[in-house]
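Visitor: kindly generate the corresponding structure for this input.
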Amino acid sequence: MSTKWLKTLGAGLALSVAASTVSAETLRVVTDPSFVPFEMMDQETGEMIGFDMDIISEVAERAGFEYNLQTMDFNGIIPALQTGNVDIAIAGITITEERKQIVDFSDPYYDSGLRILVRANNSDVDELSDLEGKKVGTKIGSTSYDFLMQNLDNNGGVTPYPGSSDMYMALMSRAIDAVFYDAPNVGYFASTRGEGRVKTVGQLYEGQQYGIALKKGSQWVGPVNEALASIKEDGTYKTIYEKWFGPMPEDQ
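Guide: Next up is the predicted model:
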């Protein structure tokens with residue numbers, strides 16, 4: 001056996017070991033446990049389920065990493081990425097210029113917006129201007145909170161809640177007059193637990209796109225984007241989408 005052949009074999013083995021090490025890397029992924037139907041706790045199994053959970057599972061497999069899933073309140077997610085305590089976050093995170101300064105984002109994987117939710121018998125609220133001076137619930141650290149602060153002249157009644165379930169309970173108990181939050185989340189609540197008790201009204205405000213957030217400078221941005229493109233191309237994304245939201249619009 002020649003020395004040259006042994007060197008070639010050694011180099012090949014080294015590359016193989018390096019590749020398997022990268023593919024076996026375990027990343028720290030974080031999500032918000034209360035953003036249904038994107039992420040929520042299955043009460044029977046104690047596991048996180050939802051649209052985002054199916055997406056990250058598929059992305060991880062195709063991008064070549066394993067992951068440990070953690071949960072935390074939404075307002076702590078970006079700081080956790082910023083400090084390097086977690087590697088990746090998926091929690092219906094809107095891509096904004098401000099956030100892009102401190103974390104990296106994947107390509108968009110979901111088109112969304114903001115919507116008003118009121119009690120079913122409410123006939124006073126039809127649009128954003130009707131929320132002036134009213135008690136409005138939204139979520140701490142969300143783009144919906146920022147939007148209300150910027151667009152309501154009389155925003156003293158805006159109350160940020162730590163979880164979406166808290167603000168929905170406040171709405172149904174009449175502690176607040178309306179909820180303003182991400183359209184798919186309020187729509188899902190209105191058609192499930194809140195059916196017959198609450199309703200969505202008005203237009204879709206501030207078109208938004210959700211992205212997978214990664215700590216700044218992450219080597220996984222490229223592989224994650226390739227995985228997202230792959231699941232859209234082969235129909236896997238459509239299957240996941242329709243599992244949670246029904247028929248997929250043509251522009252998704």
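Visitor: pLDDT score for residue 107?
Guide: Looking at residue 107, its pLDDT reads 98.
Visitor: in space, what's closest to it - neighbours in sequence excluded?
Guide: residue 225 (5.0 Å; CB to CB, 6 or more residues apart in numbering). Yep, even glycine has a C-beta here, placed from its N, CA and C like the rest.
Visitor: name the element the one you found belongs to?
Guide: Assigned by DSSP states H and E, residue 225 belongs to helix 221-233.
Visitor: buried ones in that helix?
Guide: 221, 223, 224, 225, 227, 228, 231 (16 or more other CB atoms under 10 Å).
Visitor: and of those residues, the nearest to residue 91?
Guide: Residue 91 has its nearest neighbour among the buried residues of helix 221-233 in residue 224, at 14.9 Å by CB to CB.
Visitor: give me the nearest residue to that closest one, chain neighbours excluded.
Guide: Leaving aside its sequence neighbours, residue 224 sits nearest to residue 106 (CB to CB, 6+ apart; 4.8 Å).
Visitor: isn't that neighbour right up against residue 223?
Guide: No: look at residue 106 against residue 223 with CB atoms under 8 Å: they stay out of range, at 9.8 Å.
Visitor: farthest pair in the buried residues of helix 221-233?
Guide: 221 and 231 (16.2 Å).
Visitor: distance between the ends of stretch 208-227?
Guide: End-to-end distance of stretch 208-227 (CA to CA, to the nearest Å): 21 Å.
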